[in-house]
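Asks: Can you look at this prediction? I've put the sequence above it.
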Amino acid sequence: MERNEIKAVIEGLLFVSGDEGIDRKQIAQVLDKDSKEIDIYIDELKESYLSPDRGMTIVEYAGSLQFVTKQEHAVFYERLVETPGHSTLSQAALETLAIIAYKQPITRSEIEDVRGVKTEKPLQTLSAKGLVKEVGRAEGTGRAILYGTTKIFLDHFGLQSIKELPPLPENIQEESVEQEADLFFSKFQESMSTEDF
Amino acid sequence: MERNEIKAVIEGLLFVSGDEGIDRKQIAQVLDKDSKEIDIYIDELKESYLSPDRGMTIVEYAGSLQFVTKQEHAVFYERLVETPGHSTLSQAALETLAIIAYKQPITRSEIEDVRGVKTEKPLQTLSAKGLVKEVGRAEGTGRAILYGTTKIFLDHFGLQSIKELPPLPENIQEESVEQEADLFFSKFQESMSTEDF
Amino acid sequence: MQYSVKLDGFEGPLDLLLHLIQTYEVDIYDIPVAIITEQYLHYIHTMKELKLDVASEYLVMAATLLAIKSKMLLPKHEDDFIDQQMELDMEEDPREELVRRLIEYRKFKSAADELKEREAARSLIYTREPLDLSQFEREDTAKRVTNVTLYDMLQAMQKVFQEKIIRTPKQTTIERQEIPIETRMEQIKQSLLSVGGKKRFSDLFDNASKEYMVVTFLALLELMKVKSINCEQNDHFSEIYITMIEE
């Protein structure tokens, strides 16, 4: 692979990693290259992003690299947040809120089980907006915080009480069953596919 | 503000918007500039991202601009991200979706007329995935639900608008054309078979 | 006639008919109804034999085909009327409606293929969620949640579950590979040998897990295919006996 293409992939890796960042080691692994070689490319990429032509910059915390916005552009992001088209809750926050609303009281690690990703930030956002709050502690070791929705939450969605939430569609449950059936059928087909007219 | 700085801010806006994307109009608003001017910068930025040095590219789905990674690098991201953004659809769902996409707004029984089979389940799946939605009610008795495609549909198939769908083949002749080609080819071979190296 | 059938997941009677038309390389505008009907019924019959659920739509189509077939068999008039008759035939070709439906369906089937290709291309592209911009919110905006509706929340919930489902089957797949069909085939052969070469079908399903039952069933089908075993059944619903075929 060409030098430029490797750098392009590193750029893409930083982009898809988003908030979570990516380690130098991981980058080398994904590209199946020597760490030292990759370090050179990473440093070149970092350097090139210092240019005022660029909208992002690369920061490195504890070996983890990520793209962040530039401080000098902060005013534009503030305006973006104000524009009407901008949704005030991120998808991550919305998903977290939905899980809490339907399954409260619930701990962070239970939410993370359902979403399959870390949920610290969205929880912070939701607390800051007053949509969720601590409603108690789970029993057992650790006594994890239990989250629930607030009155602001009800007000915002025009609900009298949490019982007024629309029921979850049934297909959410059904689908796992359907998949097993498909798995069966595909195995069946596999074994029969050699026969034909 | 300098031309390069404006482009840098656009880049940053695209970066923070992720898969939600951002409209051209929104960008112009945030930058407090004329739409036409901004369009030029956007197009230049798009152009510059076509270079093989870049890891992302700018696409426009459903009227909103977003950064995505490049197809040719898919293998590297697969190693990092466990599942791509969406699962693939079953044949039944794809057929149903194709009929809705081309004939919207359309009722379930009209879809079933074309497919010749019950279409309840695929429709449920498509609604659950947000690819189709109720867009109204048919007149007359029963007032059946009319279905249409959504923005998520455009995004799922990488379309800018519904108009970008290729025209429906009026008369599919590929088969007969293929056969003719085969006939031609076998005759051709026949006539050549006597000549050999 | 070879008694085997390709069990493609047909999308319905129209799909099956298109498959037959293609397999027999016949002209869709001039379908030889007799042959196609025979083949179609053969499929339906085999599906029933295999105890596959034959949806009623398939049966309706079978009836339609038989009706068309019988109409086409009606005797033609003598040649005095031939010109007139030809015109009538053109107008009243009993196949006309069916052909129209087949062609209409085929259009969308090819459109579905096109979508499938686009979907595949799109799945090679990665993005990520928008960044959390709450750090850029001013105090007063921070408290405001404007454009989020209950519907958005419901959709978010669906997305979460769907992604969870996508994540889950991976474990299932690994579990399923624990009993390869080949291994189960060998086990069945051994257990047959240990009791003199004959066993009751139901005795082979001694483990209640779905996985085990499916693999056992598939292993039996395979063994029948390679002619290692024979299956006998005296009456409908009576016990099936599996016997080893001497090699």
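Replies: That came through, no problem.

Asks: Identify the residues contacting the closest residue to chain B within chain C.
Replies: Relative to chain B, the nearest point of chain C is C:Gly12 (3.4 Å; Cβ to the nearest Cβ). Any C-beta I mention is one placed from the backbone N, CA and C, and that applies to glycine too. If you count contacts by Cβ atoms under 8 Å, 6 or more residues apart in numbering or on different chains, C:Gly12 has them with B:115-117, C:55, C:57-58.

Asks: most neighbours, which of those?
Replies: Sorting those by how many neighbours each has (other Cβ atoms under 10 Å in any protein chain shown) puts B:Arg115 first, at 26 neighbours.

Asks: which stretches of chain A form helices?
Replies: Assigned helices in chain A, in chain order: A:3-17, A:24-31, A:35-48, A:74-82, A:91-103, A:108-115, A:120-128, A:151-157, A:171-192 (criterion: DSSP state H).

Asks: now swap in chain C and tell me
Replies: With DSSP H as the criterion, chain C has helices at C:13-23, C:33-49, C:56-73, C:82-91, C:96-122, C:139-142, C:150-167, C:169-176, C:181-194, C:210-225.

Asks: who wins for proximity to B:Glu95 among these?
Replies: helix C:96-122 (4.5 Å; Cβ to Cβ).

Asks: What part of chain A, helix or strand, is modelled with the least confidence?
Replies: Among the helices and strands of chain A, helix A:171-192 carries the lowest confidence by mean pLDDT, DSSP states H and E, at a mean of 47.

Asks: For stretch A:76-96, list every residue counted as buried.
Replies: A:76-81, A:86, A:88-96 (16 or more other Cβ atoms under 10 Å in any protein chain shown).

Asks: how long is that stretch end to end?
Replies: 27 Å (Cα to Cα, to the nearest Å).

Asks: Is it positioned near chain C?
Replies: Yes: counting by Cβ under 8 Å from any Cβ of the partner chain, chain C is contacted by stretch A:76-96 at A:77-78, A:80-82, A:84, A:87-95.

Asks: Return the distance of that stretch from the chain's centre.
Replies: 15 Å (Cα atoms, centre = their mean, to the nearest Å).

Asks: Ok, stretch C:126-138 next?
Replies: With Cα atoms, centre = their mean as the basis, stretch C:126-138 stands 44 Å off its chain's centre.

Asks: per-domain residue ranges of chain C.
Replies: C:13-123, C:140-244 (automatic domain parsing).

Asks: I'd like the average pLDDT over the last one.
Replies: When you say that, I think you mean domain C:140-244. Averaged over domain C:140-244, pLDDT sits at 76.

Asks: just stretch A:31-50 next, same as before
Replies: On average, stretch A:31-50 scores 95.

Asks: now what about that stretch, what contacts it?
Replies: A:1, A:3, A:6-7, A:9-11, A:24-25, A:27-28, A:54, A:56-58, A:60, A:65, B:76.

Asks: per-residue pLDDT, the residue lying closest to C:Leu59 once chain neighbours are set aside?
Replies: Leaving out its chain neighbours, the residue that sits closest to C:Leu59 by Cβ to Cβ, 6 or more residues apart in numbering or on different chains is C:Ile44, at 7.3 Å. Predicted confidence (pLDDT) at C:Ile44: the value is 86.

Asks: I'd assumed C:Ser56 was in contact with C:Ile44.
Replies: No: C:Ile44 is beyond contact range of C:Ser56, at 11.4 Å (criterion: Cβ atoms under 8 Å).

Asks: Look at these two and report which has more neighbours.
Replies: In this view C:Ile44 and C:Ser56 are compared by other Cβ under 10 Å, and C:Ile44 has more residues nearby, 18 against 10.

Asks: how about the more buried one, what does it touch?
Replies: C:54, C:58-59, C:62.

Asks: Give me the buried subset of the contacts of stretch A:31-50.
Replies: Buried among those (16+ other Cβ under 10 Å): A:6-7, A:9-11, A:24, A:27-28, A:54, A:56-58, A:65, B:76.

Asks: Is it possible to get TSV of those that adds pLDDT?
Replies: TSV is the format used below for these (pLDDT from 0 to 100):
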residue	pLDDT
A:Ile6	95
A:Lys7	96
A:Val9	96
A:Ile10	97
A:Glu11	96
A:Arg24	94
A:Ile27	94
A:Ala28	94
A:Arg54	95
A:Met56	95
A:Thr57	95
A:Ile58	96
A:Leu65	95
B:Phe76	92
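
Asks: among the helices of chain A, which is the most enclosed?
Replies: helix A:91-103 (a mean of 24; mean count of other Cβ atoms under 10 Å in any protein chain shown).

Asks: gap between stretch C:219-236 and the chain center?
Replies: 23 Å.

Asks: does any part of it sit near chain A?
Replies: Yes: using Cβ under 8 Å from any Cβ, stretch C:219-236 reaches chain A at C:221-222, C:225.

Asks: Kindly indicate the member of these with the most neighbours.
Replies: Result: C:Glu222 is most packed of the residues of stretch C:219-236 next to chain A (other Cβ under 10 Å), 18 neighbours.

Asks: how far away is that residue from B:Gln91?
Replies: Per Cβ to Cβ, to the nearest Å, C:Glu222 is found 26 Å from B:Gln91.

Asks: Just give me the neighbour total for residue 68.
Replies: In the absence of a named chain, chain A is used. As a burial measure, A:Val68 scores 16 neighbours (other Cβ under 10 Å).

Asks: oops, chain C please
Replies: 21.

Asks: Please determine how far it is located from C:Leu18.
Replies: Plainly put, C:Ile68 is 16 Å away from C:Leu18 if you go by Cβ to Cβ.

Asks: Mind checking the domains of chain C for the one nearest to A:His156?
Replies: Nearest of these to A:His156, taken as Cβ to Cβ: domain C:140-244 at 5.4 Å.

Asks: starting at the chain centroid, how far to the closest one?
Replies: With Cα atoms, centre = their mean as the basis, domain C:140-244 stands 17 Å off its chain's centre.

Asks: picking that back up, same list (the domains of chain C) but as TSV, adding distance to A:Ser109.
Replies: TSV is the format used below for the domains of chain C (distance: least, Cβ to Cβ, whole Å):
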stretch	distance to A:Ser109
domain C:13-123	30
domain C:140-244	15
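
Asks: So for B:Val16, which of the ones you listed sits nearest?
Replies: Across the domains of chain C, closest to B:Val16 is domain C:140-244 (Cβ to Cβ), at 15.8 Å.

Asks: ok, back up a step: now, the most widely separated pair of the residues of stretch A:76-96 next to chain C?
Replies: The largest separation in these, counting by Cβ to Cβ, is between A:Glu78 and A:Glu95 at 25.0 Å.
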